[in-house]
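S.K.: Here is a sequence together with a model predicted from it:
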Amino acid sequence: MKTLLPLFEYPNSMIKSLVILLFSLVPAPLFGQVMMNRDSLLKLVPQAKEDTIAVQLYINIGQQFESNDPAVAKEYYRKAGNLSRKINYPKGIIKYINNYTYVLNMQGMFDSSLVLNLEAVAISRATKDSLNLAYTLFNTGTSYRMKSEYEKAVEHYEEGKILFEKFGNDGTEAQAADILQLLYYDMHQYEKGIQSGEKSVALLRKQNNLIVLGTVLNNLGLNYAATNQVDKATSLFREALEISKKIGDKNLEQSQYLNLGNMYMQTGDYDAMKPYMEKSLVLAKELELHESESIANRGLSYYYLSKKKYEISQQHGLQALAISYEFHLKTQRQKVLVHLSNLAYAMQDMRLGNYYATQSTLLWDSIMNETIQMNTLELEKKYEAEKKESLLKQMRADVKVHKLSLQRSSFFNYTLVGGIVVLGIIFLLSYRTYRQKQKLQQLRINELEAEKQLTAAAAVMKGEEQERARLAKDLHDGLGGMLSGIKYSFNTMKENLIMTPENHQAFTRSMDMLDSSIQEMRRVAHNMMPESLVRFGLDTALTDFCNDINLSGALQVTYQSIGLTDVKLDQTISVTVYRIVQELMNNTLKHAAAKTAIVQVTKTDNEFSVTVEDDGKGFDTTLLKQPKGMGWSNIQHRIDFLKGKLDVNSEPGKGTSTHIEFSI
């Protein structure tokens, strides 16, 4: 999903990829006419024969319906595909796939779209059609992008881009630039996305191609919105809305209503937001855009919540929830549950609010687990493919050796005794080679197994840190904002109520408890993912961490850093080192009974080291070999991820010194 605000996000059907339209922007001439309207095209259907002209007729009719009646468009596209297969017309099959998958993507059916696009690539390769191959490669890359498989998306885009450069077409260049801006959007590289989008818009304005321009303006607006350039994004969405009305593209029109509603929501203008959400809801129902329908209902629910019309707000919220269940929109369901929880709290129904909040948390955990499992399976598939390739190479080598042995055996038949001696030598050499190859193969398998484990561990660690960051942001921005709002509401109520001394004392105690809850929530969010680590880097985060321990009075910590000033480290390395130091200091606080400790972090050239020492009671280092000893397994996993070395020196009564080294 494309998130702009905690309440809203853009459905995938709104993030439109124009390369799927490359075959269908301007219908091909039919019976001597450049363009024909829908009624004229439909009148030609009874006269159509089973030939290539009929295929193009079905394609043209489908294009007339795809923005306003996708089901009818898909019916005519299927007719074109079936006829093309029947008369063995490869280009017709590709045209059918390009147009049909556009509608599938619009409806969020990305798996089905990918299967068909891969078929189109195979047909293009088989027919050696370079131009069609370039188109289908871009379409396939778009399907992978929609599924968030960016590595495969880039692979197909790059191959298609090389082919397109041979043809030198401005229209193609504009659409390729739009696809790149969408890819950068998905990868959160919004500035690069804006550069590609502006290039695409400039080229399309020169061509006066409104059909494509409207969609590119939509996509460029999303990149500007992601960088909080609200005025620029709003201007682009308004222009795209005017174009959608001019060309009669209801899908694009619906997207702009939702976009503009989100913009007004971001600026807090709920009254201006409402009519756009209402118009988006009407078109989403008409076009069967279920995800957009759910988001629009949730937006209206939020509007009525702001007006304290709780019953109407609840009706829209429950409608959004029902749609998410009916069409298996898990992410939407989680967002709706969060909103319904807030609504229930506002209605003073704490039991229902807690229920929705619990369901939201459970569903989010399920979504995250599915994502981690999918990434792990992808890594396992990649490993198995590499292993099979290695075995195939080994088998080819063995076949070559076997053929060579047969040739030599034939020659040795003429050399009698000398040949027997040479054959014995070759046998011994072959056996030794075979044994060596077996050893090398086993070593390679062991290396691949180790790489697989490290990759899986890295995926789990990254998923864990991403989840920590998300939960910290949700706690700080969501729960923190809600608690602060409750506190503000209570203060307002206090000014307008006359209370007895006993009620006033109880009210004051409740406010103190609420302040404590806010502070505790902020402390938990900070521990899960310190903001200073994300914004200012490892050195500042460790300094704040050690200062917090000093302020607590539990331990006096001295922090020293060498070579970290103005050094930008990879985010993954920074988080991993921070977690290692955090775990070591937690061990010291829990088990060491120490009075002082030293944390030293050093970077010299490509070497990085971390040293943590304390004057505590120490321990027997043989305990580190126990599987659940003092959290050391977590530290060891992170050091393995960094491919570093761990050295622990400790004896009972003599404190502990831990030293870690790794290369960056």
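M.R.: It's in.
S.K.: Can you give me the neighbour number for residue 565?
M.R.: 8 (other CB atoms under 10 Å). (Each C-beta comes from the backbone N, C-alpha and C, glycine too.)
S.K.: Test my guess that it contacts residue 537.
M.R.: No. Using CB atoms under 8 Å, residue 565 is not in contact with residue 537; the gap is 10.1 Å.
S.K.: Number of residues surrounding residue 370?
M.R.: Residue 370 has 11 nearby residues by other CB under 10 Å.
S.K.: and what of residue 174?
M.R.: The burial count for residue 174: 23, using other CB under 10 Å.
S.K.: who are the neighbours in contact with it?
M.R.: 199-200, 203-204, 207, 209, 212, 216 (CB atoms under 8 Å, 6 or more residues apart in numbering).
S.K.: Mind jotting down where the strands sit in this protein?
M.R.: 2-3, 9-10, 556-562, 596-604, 607-614, 645-650, 656-663 (DSSP state E).
S.K.: Let me know the distance separating the nearest residue to residue 166 once chain neighbours are set aside from residue 556.
M.R.: Spatial nearest neighbour of residue 166, chain neighbours left out: residue 130 (7.2 Å); criterion: CB to CB, 6 or more residues apart in numbering. Residue 130 sits 71 Å away from residue 556, going by CB to CB, to the nearest Å.
S.K.: Please apply the same query to residue 508.
M.R.: 36 Å.
S.K.: got it, and residue 289?
M.R.: Distance from residue 289 to residue 556, by CB to CB: 61 Å.
S.K.: Neighbour count for the two, which is higher?
M.R.: The residue with more neighbours, out of residue 289 and residue 556, is residue 289; 26 against 14, by other CB under 10 Å.
S.K.: re the thing from before, can you count the residues close to the residue nearest to residue 166?
M.R.: Neighbours of residue 130 (other CB under 10 Å): 14.
S.K.: Could you check how far it is from residue 162?
M.R.: For residue 130 relative to residue 162 (CB to CB), the value is 10 Å.
S.K.: try residue 426
M.R.: 48 Å.
S.K.: Of those two, which one has the most company?
M.R.: residue 426 (15 against 11).
S.K.: Tell me the confidence at that one?
M.R.: In this model, residue 426 is scored at 83, pLDDT.
S.K.: and the closest residue to residue 174 other than its chain neighbours, what does it touch?
M.R.: If the residues on either side of it in the chain are set aside, residue 174 comes closest to residue 203, at 3.8 Å by CB to CB, 6+ apart. Applying CB under 8 Å, 6+ apart, we find residue 203 in contact with 170-171, 173-174, 177.
S.K.: Of all those residues, the one with the weakest confidence?
M.R.: Among those, pLDDT bottoms out at residue 170, giving 69.
S.K.: quick revisit: let me have the contacts of residue 203 in CSV, adding distance to residue 138 as columns.
M.R.: Formatted as CSV, those follow (distance: CB to CB, whole Å):
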residue, distance to residue 138
170, 16
171, 13
173, 12
174, 13
177, 12
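S.K.: from those, which would you call buried?
M.R.: For these, a burial check counting by 16 or more other CB atoms under 10 Å picks out 171, 173-174, 177.
S.K.: Among those, which one lies nearest to residue 599?
M.R.: residue 177 (48.4 Å; CB to CB).
S.K.: Now do the nearest residue to that closest one once chain neighbours are set aside against residue 207, distance only.
M.R.: Computed as CB to CB, 6+ apart, the closest residue to residue 177 that is not its neighbour in sequence is residue 200, at 3.9 Å. Applying CB to CB, the value for residue 200 to residue 207 is 11 Å.
S.K.: Show me which of these two is the more surrounded one.
M.R.: residue 200 (27 against 12).
S.K.: And that one, what's its pLDDT?
M.R.: 89.
S.K.: Might you report the residue contacts of it?
M.R.: Contacts of residue 200 (CB under 8 Å, 6+ apart): 174-175, 177-178, 181, 216, 220.
S.K.: 7 Å instead?
M.R.: 174, 177-178, 181, 216 (CB atoms under 7 Å, 6 or more residues apart in numbering).
S.K.: right, and the pair among the residues you listed with maximum separation?
M.R.: 174 and 181, at 10.9 Å, using CB to CB across the contacts of residue 200.
S.K.: centroid residue for this protein?
M.R.: The centroid of the chain falls nearest to residue 148 when counting by CA atoms, centre = their mean (5.4 Å).
S.K.: From residue 223, how far out is the nearest residue to it once chain neighbours are set aside?
M.R.: Excluding the flanking residues, the one nearest residue 148 by CB to CB, 6+ apart is residue 186, at 7.0 Å. According to CB to CB, residue 186 and residue 223 sit 11 Å apart.
S.K.: Those two: which is more packed in?
M.R.: Neighbours were counted for residue 186 and for residue 223 using other CB under 10 Å; residue 223 has more, 26 against 16.
S.K.: The more buried one and residue 192 touch, don't they?
M.R.: No. Between residue 223 and residue 192 there is no contact under CB atoms under 7 Å: 8.9 Å.
S.K.: And for residue 339, the neighbour number?
M.R.: Counted by other CB under 10 Å, the residues lying close to residue 339 total 23.
S.K.: So it is in contact with residue 298, correct?
M.R.: Yes. Counting by CB under 7 Å, residue 339 does reach residue 298; the two are 5.8 Å apart.
S.K.: Spit out the contact partners of the spatially closest residue to residue 363 that is not a sequence neighbour.
M.R.: Nearest residue to residue 363, sequence neighbours excluded (CB to CB, 6+ apart): residue 334, at 4.7 Å. By CB under 7 Å, 6+ apart, residue 334 lies in contact with 360, 363-364, 367.
S.K.: Are any of those residues buried, and if so which?
M.R.: 360, 363-364.
S.K.: Now render these as CSV, adding pLDDT and distance to residue 243.
M.R.: Below are these laid out as CSV (pLDDT from 0 to 100; distance: CB to CB, whole Å):
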residue, pLDDT, distance to residue 243
360, 85, 38
363, 85, 38
364, 84, 37
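S.K.: out of these, who's nearest residue 591?
M.R.: Checking these one by one against residue 591 (CB to CB), the nearest turns out to be residue 364, at 33.6 Å.
S.K.: tell me the contacts of the closest one?
M.R.: Counting by CB under 7 Å, 6+ apart, residue 364 has contacts residue 334.
S.K.: Can you tell me the closest non-neighbouring residue to residue 112?
M.R.: In space, residue 112 is closest to residue 104, 5.4 Å off (CB to CB, 6+ apart).
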